[in-house]
Every structure is written in C-alpha cells, then in structure tokens.
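Asker: pasting a predicted model and its sequence here:
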Amino acid sequence: MTITAPHASTGNAPLGNALEQLRAAAESLEIDDGSVQLLSQARREISVGVPLRRDDGTVEVFRGYRVQHNFTRGPAKGGVRFAPSVDLDEVRALAMWMTWKCALVDLPYGGAKGGVAIDPRRYSDAEIERVTRRYTSEILPVIGPDRDIPAPDVGTDERTMAWMMDTFSVSHGFTVQSVVTGKPIALGGSLGRATSTSRGVALVALAALDRRGVAPTAATAAVQGFGKVGRHAARFLAEAGVRVRAVSDQYAAVVHTDGLDVDALGRHVDAHGTVAGFPGADPMDHDDLLGLDVTLLVPAAVEGVIHRDNVERVRAEIVVEGANGPVTTAADAELAARGVLVVPDILANAGGVIVSYFEWVQAKQTYRWSLDTVESRLRDRMLGAWDAVSDEQRARGGTLREAAMRIAVARVLDAHRNRGLYP
Ligand code: GLU
C-alpha cells in the first residue's frame, strides 16, 4: 500500500497554510516571537502503529496519529479522520485549526485531531471496528473527558464513536459517555448533533447573503461534497429558498439550473451511494462545479481544493468553507483581491464542535436537552461569532479569515498569559 502526502504536487499542504494564517495573525496582533513559536507547535503528538487482522486472517498495519495542538483553555477537542491521505502534517494542521475554532466560538477547549491512514471503503465493517478499537487502545493514555475528546470527521461516524466510547469504557471498568462526542443518541449523543455543522454553515451563508444585500430566494449555490456537512447544508439552504444548482461527491457531480430537489437527491444517494445517475439533474464534470456561476460556493469535502491553479475559475460572490482548509493561502489572497467574501472554516463549520460541546455538557450533567434548546443555543453561538468577526473586520480591516484568526489567536494567547509559563 502506498501512502502519499496530500496535495504535494500543487503545494497545498495544509500545514503550510495553517502556519501562514497564524503568521499573518501574529503580525497583525504584534505577537512576540516566543509566543508565535509556542502557538506554531503542537503541545503533544502521538504516532501509533495500528495492526489489523483482516477477515481472511492476514495482517496489515496502518499508521495512526493524535495531535493535541493546544489545551491551555481546556481539554483538547477534535475529530478522528479515516482516510488514505492522513499523515502527521495533515493532522497537525487540522489540530491547529481546532484550537482557533474552539477559541473563536468561545468553547472551553483546546484543539486536537486524530486520524488513521486507511481507506475505510476497502475494508469490511468488522475490520473497521477492529481498527477503531485498536487505534483507541493505542491513544488511550492521552484521551479522556478532561484530557482530549474525539469526535467524527472525514471517514468516521457515530458508529465509530460508539466503538471508541465502548473501548475506553471497558478499559476503565465503567461507562464514560463524555469521552467522545458525535455518539448515537442511544449512547448519550445529543439531539441535533448530526446536522449541526450543516446548520451552522447555512446560518452563516444566509448571514453573508444578507450582508451582500442578496435575498435567499435570489441566490444560487453549488455544494462540493454530499456527506455529513454538504448534504444537510444543501438541504437547509434549499429550505431557506436558495436554488442549489449543483452538488458533487467523490464520484460525480450533477447540475440543474433551476435548482435541484435536494430531498430527492438525498433519497437517490441513500439508494445508490452516489449522486451519479440522479434522474432530476444533468451530469457535469466534477471539476466544473467550482467554476459555476452561482452566488454561493460551499466547498464541504476536504482541504486544499481551491488553489493557485484553479482559483481563477471561481465565479461565486461568496465562498463558505464547510470543510476544513478548502481554500489555500494563495487562493485566499486572490479571492480577497477580487472582492469575493470568504467565510472561513473556523467560523463556517464551527456548528459541529459547538454541539459536540453541548453533548459533552449534557453527558457531564447527565441531563438531556431538547432539540429546541440545542438548536437555539447553536444559533446564538454561530450568529454571535459571525457578528464578532464582522465587527472585527469592519473595525480593523482585512478579510473575514484574518478577523476570525485575530480574535481566536488573541484568546488563546490571553489564556497562556494568564496561566504563565511553568516553571
Ligand atoms: N470534525 C469536526 C470539526 O472539524 C468536529 C470536531 C468535534 O466535534 O470535536 O470541526
């Protein structure tokens, strides 16, 4: 099996982009070099071998990681990714973005990320369960409800979280619900968690439209990715009156100029596993989705998809980053120069970790909240963060990303300064 570094050929390595974003924020905040060094590096990194006995009896070994970028403001928090592209630098970047995301929406958490370099589609459910349990056992010493709380990400889901929670609980001898979030409802998962990232994406997309003076019913959208984030984001946007013209997944893309029937598309994907062949739309080239003439472009798949070599094709007025790191630093500068409003990932997709926080609080309280409570508190946090970022941008200029990063980095640094340096 070959594992290649993600995006190596187009210079889109996510860690380079994450460090460049930090550098820009540090310059704008006039942060000293020592503090920049402190924030550039992960507090703790663990790299583990994950052996799997396959269903046919042979053994394969995968590489797994957990990076805790920062836990100065509270326990580390962030997802676990199962994807062939996973490597240490990718996990480092994603962990750093979690630190800023949690700080921006003022959750009492630091940032972490984990992953296993495996293509989950090539293995049986039983094999994925064994990989999950072994990976969890390997990182057991560094996770826990007050240490580091994993959650789903690309290639993992609520079932993965159930296995992680079970493995942790069995090894401790009692049930520990608050060790992971994004669990099934039956195991203490929160109402509203499954659609929370998408709700947040739609809320800020509508706020961005409002800022540009475009009514939802006058807007069109293209959504890249029809998984955990893109699928429900497309649905919520359509429910608000936006015509969702095109959607893609990892296999194909479909387009309908007057707007797709997103619910019917969802049923098609449930039945066939891909948007390909959806009878209510025309097929389109996968790469052409980014260049569609739409108001809103929502990249909701993986990092590095809008880069130096394809940014000139983007025609949308507003880009809402449903994924983590979908726009590289070079492309970001180009979009800003053209007046495209980019709603940055640490704001746009924060709905997931916000409701993860609610799930963790509910587990610690052993008290369930209603769906209404979850959704109204999610809305308050998302729109509160949107207002804070917009106000910061208006006051000090730059892009929404620069404003969001200034707020987040300043909060983390403030926590460091208050705690002091030990010894
Ligand atoms: N993986 C999601 C993210 O990137 C959620 C993380 C969490 O809930 O901890 O924000």
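Answerer: Sure, I can see it.

Asker: which strands or helices does the longest helix along the chain pack on?
Answerer: Longest helix in the chain, counting residues (DSSP state H): helix 371-396. On a contact count with 3 or more Cβ pairs under 8 Å, 6 or more residues apart in numbering; DSSP states H and E, helix 371-396 meets helix 196-211, helix 345-348, helix 351-365, helix 400-419. (Each C-beta comes from the backbone N, C-alpha and C, glycine too.)

Asker: pLDDT wise, what is residue 4 at?
Answerer: At residue 4, the predicted lDDT confidence score is 36.

Asker: which residues of the stretch 1-150 of the chain lie near the ligand?
Answerer: Residues of the stretch 1-150 of the chain lying close to the ligand by Cβ under 6 Å from any ligand atom are 77, 78, 79.

Asker: which elements pack onto the helix or strand containing the second one?
Answerer: Counting by DSSP states H and E, the secondary-structure element that holds residue 78 is strand 76-82. Judged by 3+ Cβ pairs under 8 Å, 6+ apart, the packing partners of strand 76-82 are strand 59-70, helix 88-104, strand 110-116, helix 125-139, strand 148-152, helix 158-172, helix 351-365.

Asker: out of the helices and strands packed on helix 371-396, which is the most enclosed?
Answerer: helix 345-348 (a mean of 30; mean count of other Cβ atoms under 10 Å).

Asker: name the residues that touch that one?
Answerer: 97, 100-101, 104-105, 200-201, 204-205, 320-326, 385-386, 389, 400-401, 404-405, 408 (Cβ atoms under 8 Å, 6 or more residues apart in numbering).

Asker: wait, does that helix contact the ligand?
Answerer: No: applying Cβ under 6 Å from any ligand atom, one finds helix 345-348 separated from the ligand by no less than 8.2 Å.

Asker: quick one: that helix to chain centroid distance?
Answerer: Centroid separation for helix 345-348 versus its chain: 8 Å, with Cα atoms, centre = their mean, to the nearest Å.

Asker: tell me the mean pLDDT over that helix?
Answerer: pLDDT averaged over helix 345-348 gives 98.

Asker: next: stretch 265-276.
Answerer: Computed over stretch 265-276, the average pLDDT equals 97.

Asker: the closest residue to the ligand within the stretch 151-300 of the chain pairs with what?
Answerer: With Cβ to the nearest ligand atom, the shortest gap between the stretch 151-300 of the chain and the ligand falls at residue 151, namely 3.3 Å. As for beta bridges, residue 151 partners with residue 79 under DSSP bridges.

Asker: tell me the contacts of it?
Answerer: Counting by Cβ under 8 Å, 6+ apart, residue 151 has contacts 77, 78, 79, 80, 161, 180, 181, 182, 352, 353, 356.

Asker: which one (most neighbours) among those residues?
Answerer: Highest neighbour count within the contacts of residue 151: residue 180, with 34 neighbours (other Cβ atoms under 10 Å).

Asker: pLDDT below threshold where in the stretch 201-350 of the chain?
Answerer: Judged against pLDDT under 70, the stretch 201-350 of the chain has no low-scoring part.

Asker: now for the closest residue to the ligand within it, how many residues are close by?
Answerer: Nearest residue of the stretch 201-350 of the chain to the ligand, counting by Cβ to the nearest ligand atom: residue 324, 5.3 Å away. Neighbours of residue 324 under the rule other Cβ under 10 Å: 26.

Asker: just confirm it is within a strand.
Answerer: No: counting by DSSP: H, G, I helix; E, B strand; the rest coil, residue 324 is not found in a strand; it is coil.

Asker: so it sits against residue 303, correct?
Answerer: Yes: between residue 324 and residue 303 there is a contact under Cβ atoms under 8 Å: 5.8 Å.

Asker: which neighbours do those two have in common?
Answerer: 14, 94.

Asker: residue 169 and residue 175 touch, don't they?
Answerer: Yes: with contact defined as Cβ under 8 Å, residue 169 reaches residue 175; the gap is 4.8 Å.

Asker: can you check which residues contact both of the two?
Answerer: By Cβ under 8 Å, 6+ apart, no residue touches both residue 169 and residue 175.

Asker: mind checking the SS state of residue 106?
Answerer: Per three-state DSSP, residue 106 ends up coil.

Asker: from residue 407, how far off is it?
Answerer: 9 Å (Cβ to Cβ, to the nearest Å).

Asker: near the ligand, which residues of the stretch 151-300 of the chain?
Answerer: Residues of the stretch 151-300 of the chain lying near the ligand (Cβ under 6 Å from any ligand atom): 151, 153, 181, 182.

Asker: go with 8 Å
Answerer: Within the stretch 151-300 of the chain, the positions near the ligand by Cβ under 8 Å from any ligand atom are 151, 152, 153, 154, 181, 182, 197.

Asker: can I get these in a markdown table including pLDDT and distance to residue 376?
Answerer: Conversion of these to a markdown table gives the following (pLDDT from 0 to 100; distance: Cβ to Cβ, whole Å):
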| residue | pLDDT | distance to residue 376 |
| --- | --- | --- |
| 151 | 98 | 22 |
| 152 | 98 | 23 |
| 153 | 97 | 26 |
| 154 | 96 | 29 |
| 181 | 98 | 19 |
| 182 | 98 | 20 |
| 197 | 98 | 17 |
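
Asker: spatially nearest residue to residue 176 (excluding sequence neighbours)?
Answerer: Spatial nearest neighbour of residue 176, chain neighbours left out: residue 169 (5.0 Å); criterion: Cβ to Cβ, 6 or more residues apart in numbering.

Asker: what's the neighbour count on the closest residue to residue 192 other than its chain neighbours?
Answerer: Nearest residue to residue 192, sequence neighbours excluded (Cβ to Cβ, 6+ apart): residue 374, at 4.0 Å. Look at residue 374: counted by other Cβ under 10 Å, it has 22 neighbours.

Asker: and residue 374, what is it in contact with?
Answerer: Residue 374 neighbours (Cβ under 8 Å, 6+ apart): 190, 191, 192, 193, 196, 355, 358.

Asker: what separation is there between the residue lying closest to the fifth one once chain neighbours are set aside and residue 182?
Answerer: Ranked by Cβ to Cβ, 6+ apart and with sequence neighbours excluded, the top spatial neighbour of residue 196 is residue 355, at 3.6 Å. In this structure, residue 355 and residue 182 are separated by 9 Å, where distance is defined by Cβ to Cβ.
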